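Engineer: coords below, sequence missing:
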C-alpha cells in the first residue's frame, strides 16, 4: 500500500482480517466490496465494524481497506473490528485507554478443538464394549 497507510491484523477464532487505514473520507471496503454487499442483510455488520472508529472520533478521517479469510460472518466482523482497533493504535497510541476499556484490543481466541484420531470427535469417545 501507500507510505501514509497503517496496517494491522485482527483475528477471531479462525477468521483473519488484514486491515489498512489510510487518510480518506470514511469508506470501508472488505474484499473489494462494501460492508453491506459483503456481509448481506439481517444483522447490522457496519455498526459493529465501525465501533472503534466511532469511539475514537476518526470515522471520517480514514478509509478502511480489509481482506477477510476464514471463519463465519460474525467471527469475520469481530476480526475486522479487532484489526481496525489495532491499526488505530499505530495511528495514535493515545487511543489505547478507550479501545482497551471497550474490549476491542482483546483477541478472542476461542476456537473449535480439533478431532483426535481414534475418537468420535474432540472429546467424545466411541462406545466401549467389554464383550
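Structural biologist: Great, that's in hand. Please read these numbers as outputs of a predicted model, since none were measured by experiment.
Engineer: In terms of helices and strands, where is the most centrally placed residue in the chain?
Structural biologist: Geometric centre of the chain, nearest residue: residue 79, 1.2 Å, by C-alpha atoms, centre = their mean. Assigned by DSSP states H and E, residue 79 belongs to helix 73-91.
Engineer: quick one: average pLDDT of that helix?
Structural biologist: For helix 73-91, mean pLDDT is 95.
Engineer: Check which helices and strands that helix sits against.
Structural biologist: For helix 73-91, the packing partners by 3 or more C-beta pairs under 8 Å, 6 or more residues apart in numbering; DSSP states H and E come out as strand 6-12, strand 15-23, helix 35-39, helix 45-49, helix 51-55, strand 62-69, helix 96-102. All C-beta atoms are positioned from the backbone trio N, CA, C, and that covers glycine.
Engineer: List the buried residues of it.
Structural biologist: Within helix 73-91, the residues that qualify as buried by neighbour count (16 or more other C-beta atoms under 10 Å) are 75-89, 91.
Engineer: Need the helices and strands packed on helix 73-91 in a markdown table (columns: mean neighbour count).
Structural biologist: Formatted as a markdown table, these follow (neighbours: other C-beta atoms under 10 Å):
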| stretch | mean neighbour count |
| --- | --- |
| strand 6-12 | 20 |
| strand 15-23 | 21 |
| helix 35-39 | 17 |
| helix 45-49 | 17 |
| helix 51-55 | 18 |
| strand 62-69 | 20 |
| helix 96-102 | 14 |
